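>>> Sequence unavailable; structure follows:
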């Protein structure tokens, strides 16, 4: 059992207290009427370039990312670096597609991707498919953020059995739930500024100090086993590790901005221009992520995994303990407190945005569409606040009572599911050529095939397609979204013919998509 | 015929500068190009420093595209 680290714990609690205060104070920031859903759930669409940078950065580079990417590098080596090409690919997508989506959402008052699909294709069942996919893909993601908190709290030496052991997580959850309820999207936006400053400081300290203590980069990389240092060169008749690496990067990139929480953060920007500018400055976070992925290799070089002092952590949290162990091993207590607080607060920001995104989806696209068609503004925002509470409570219960590996597997499936909304949402921003029922059929085929591939490969991210003696291991999400798109393209003329001369419902006009 | 609402404005906004994005995609999606240890930089193998450098290069590309396409919007 580990010892409680007093100084680290004190710094940690102080910083946590600071952001709690900030989260509540945020309700008064750029004040708006929080009884309106777009004020509570999108911060009134008033965030400029700088706040959007912190908000989107804090949203998509989550605490789990900062724990899991180095953990994967520690365990599997070079393949974990696919996170870097992935973050290189996302910004051209952000630049090309999302200013158009922002414009149409702003002009038509849409606050979710499903709102857009409903307006663009006039099919409530297609919109429902987008909504349900978004909610189901996001819930395990919220649960994984809580795992990030669990790891650092455990590393601080705060442990216990039963309820006492879970108490820190329950407190963090209560804080998160309360400020999200009262301040909406303004809370994670203001906290993101503090959290990201801490993360940047901690990362650069680690990347400078650790090589100095371990004798330089040359020694560190010399200590990494050869098979982990680079990707395995594929043999004949297969695309091997190269295929997996590239498809994982591309598939993850296509999926990212389809997640409801990415959409929420992007739509809260004050203009399409703010989004374009962010496509150029958000790679600042990718740069940091690349450095952090290398830190996973530092852990191998430091030989920490074999030290008895950290055996407990590695046994409890597996490879996710790699970065916390390195920080505990090489840094003074006060810095441990700062770095761990950065990770824990880093979990609260995306968790808050995710729960707000789920709340927006449920309120707009299920409750208003199918249950109460004419809510008042106040009823609508009140419903969203309640749903954000329920989403977080669900995530907490999940993480307390279900083994972590199921949350990880569900999050993997979530990536495969969410990418199936790509034709309707991303391509829909450019063209109305697709038939709505064909889109729904493509979604169903992609979702089913993706789930089947995941099960066939024992819930690994990659699936190997064999074709005339050649094998192509690759990310199931990418394979199945291509299948989805083929189904949509083939069925669109068929469905159009079957539907006869039915008027096409599209409430948007071309001018909606440009500034 | 289906009304392609988005298409006309897309064509109006086309810029050759977008080809920078294609370069950015092709280089990073072709692992044989960078899956090697040498030349190392400060002891960091090529595989690692090149991809991190490419993050910065792609940020510059995006900034260039932003500046060059700004007037047409």
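Received, thanks. Since we're looking at a predicted model, the values are computed, not measured.
>>> which stretches of the stretch 401-515 of chain A form strands?
Along the stretch 401-515 of chain A, the segments classed as strands by DSSP state E, counting those that start in this stretch run A:462-467, A:470-475.
>>> Pick the most deeply packed of these.
strand A:470-475 (a mean of 20; mean count of other Cβ atoms under 10 Å in any protein chain shown). (Each C-beta comes from the backbone N, C-alpha and C, glycine too.)
>>> Excluding its own residues, what touches it? List them.
If you take Cβ atoms under 8 Å, 6 or more residues apart in numbering or on different chains as the criterion, strand A:470-475 is touched by A:237-241, A:243-244, A:246-248, A:250-252, A:461-466.
>>> If I follow the layout properly, residue A:106 ends up in contact with residue A:42?
No - the pair residue A:106 / residue A:42 is not scored as a contact, 10.0 Å apart, by Cβ atoms under 8 Å.
>>> Compare these two (neighbour count), which wins?
residue A:42 (26 against 19; other Cβ atoms under 10 Å in any protein chain shown).
>>> What's the separation between that one and residue A:115?
According to Cβ to Cβ, to the nearest Å, residue A:42 stands 11 Å off from residue A:115.
>>> returning to what we had before: okay, and the common contacts of residue A:106 and residue A:42?
With Cβ under 8 Å, 6+ apart, residue A:106 and residue A:42 have common neighbours residue A:267.
>>> Dump the strands of the stretch 401-515 of chain A to TSV, plus distance to residue A:32 and mean pLDDT.
Shown next, in TSV, are these (distance: least, Cβ to Cβ, whole Å; pLDDT from 0 to 100):
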stretch	distance to residue A:32	mean pLDDT
strand A:462-467	45	87
strand A:470-475	40	90
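>>> Check chain A and tell me which residue is nearest its centre.
residue A:60 (4.8 Å; Cα atoms, centre = their mean).
>>> confidence score at that residue?
What the model reports for residue A:60 is a pLDDT of 83.
>>> Quick check: closest non-adjacent residue to residue A:176.
residue A:348 (5.1 Å; Cβ to Cβ, 6 or more residues apart in numbering or on different chains).
>>> Got phi/psi on that neighbour?
Dihedral pair for residue A:348: phi -70, psi -40, per degrees, to the nearest 10.
>>> now it: how far from residue A:372?
As defined by Cβ to Cβ, residue A:348 lies at a distance of 31 Å from residue A:372.
>>> What of residue A:453?
Residue A:453 is 39 Å from residue A:372, by Cβ to Cβ.
>>> which of those two has more neighbours?
Using other Cβ under 10 Å, the more surrounded residue of residue A:453 and residue A:372 is residue A:453, with 23 against 13.
>>> for that one, what are its contacts?
A:416, A:463, A:476, A:479, A:480.
>>> got the contact list for the host helix or strand of residue A:241?
Per DSSP states H and E: residue A:241 is located in helix A:240-256. With Cβ under 8 Å, 6+ apart as the test, helix A:240-256 has contacts from A:60, A:79, A:82-83, A:85-90, A:93, A:231-234, A:262, A:415, A:418-419, A:422, A:426, A:461-462, A:472-475, A:477-479, A:481, B:28-32, B:35.
>>> are any of those residues buried, and which?
Neighbour counting by 16 or more other Cβ atoms under 10 Å in any protein chain shown classes A:60, A:79, A:82-83, A:85-90, A:93, A:231, A:234, A:262, A:415, A:418-419, A:422, A:426, A:461-462, A:472-475, A:477-479, A:481, B:28-29, B:31, B:35 among the contacts of helix A:240-256 as buried.
>>> Up against chain B, what does the stretch 301-450 of chain A have?
Within the stretch 301-450 of chain A, the positions near chain B by Cβ under 8 Å from any Cβ of the partner chain are A:429, A:430, A:431, A:432, A:433.
>>> Output those residues in TSV; the columns should cover neighbour count.
TSV is the format used below for those (neighbours: other Cβ atoms under 10 Å in any protein chain shown):
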residue	neighbour count
A:429	24
A:430	18
A:431	16
A:432	21
A:433	18
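>>> of all those, which two lie farthest apart?
Greatest spatial distance among these (Cβ to Cβ): A:429 and A:433, at 12.5 Å.
>>> what residue ranges in the stretch 401-515 of chain A score low on pLDDT?
For the stretch 401-515 of chain A, the stretches flagged by pLDDT under 70 are A:500-504.
>>> what's the distance between the residue of it found nearest chain B and residue B:59?
Using Cβ to the nearest Cβ, the closest approach of the stretch 401-515 of chain A to chain B is made by residue A:430 at 4.3 Å. Per Cβ to Cβ, residue A:430 is found 25 Å from residue B:59.
>>> ok, now residue A:71?
Taking Cβ to Cβ, one finds residue A:71 at 26 Å from residue B:59.
>>> Please apply the same query to residue A:76.
Taking Cβ to Cβ as the measure, residue A:76 falls 27 Å from residue B:59.
>>> Neighbour count for the two, which is higher?
The residue with more neighbours, out of residue A:76 and residue B:59, is residue B:59; 21 against 13, by other Cβ under 10 Å.
>>> For the more buried one, pull up the helix or strand it's in.
Counting by DSSP H and E, residue B:59 is found in helix B:46-69.
>>> Determine the set of other helices and strands touching that helix.
helix A:83-108, helix A:272-281, helix A:283-302, helix B:19-28 (3 or more Cβ pairs under 8 Å, 6 or more residues apart in numbering or on different chains; DSSP states H and E).
>>> TSV for those helices, including distance to residue A:359 and mean pLDDT?
As requested, the helices and strands packed on helix B:46-69 are exported to TSV (distance: least, Cβ to Cβ, whole Å; pLDDT from 0 to 100):
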stretch	distance to residue A:359	mean pLDDT
helix A:83-108	17	91
helix A:272-281	23	90
helix A:283-302	25	89
helix B:19-28	34	90
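>>> got those as CSV, with distance to residue A:384 columns?
Output for the helices and strands packed on helix B:46-69, formatted as CSV (distance: least, Cβ to Cβ, whole Å):
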stretch, distance to residue A:384
helix A:83-108, 17
helix A:272-281, 23
helix A:283-302, 28
helix B:19-28, 36
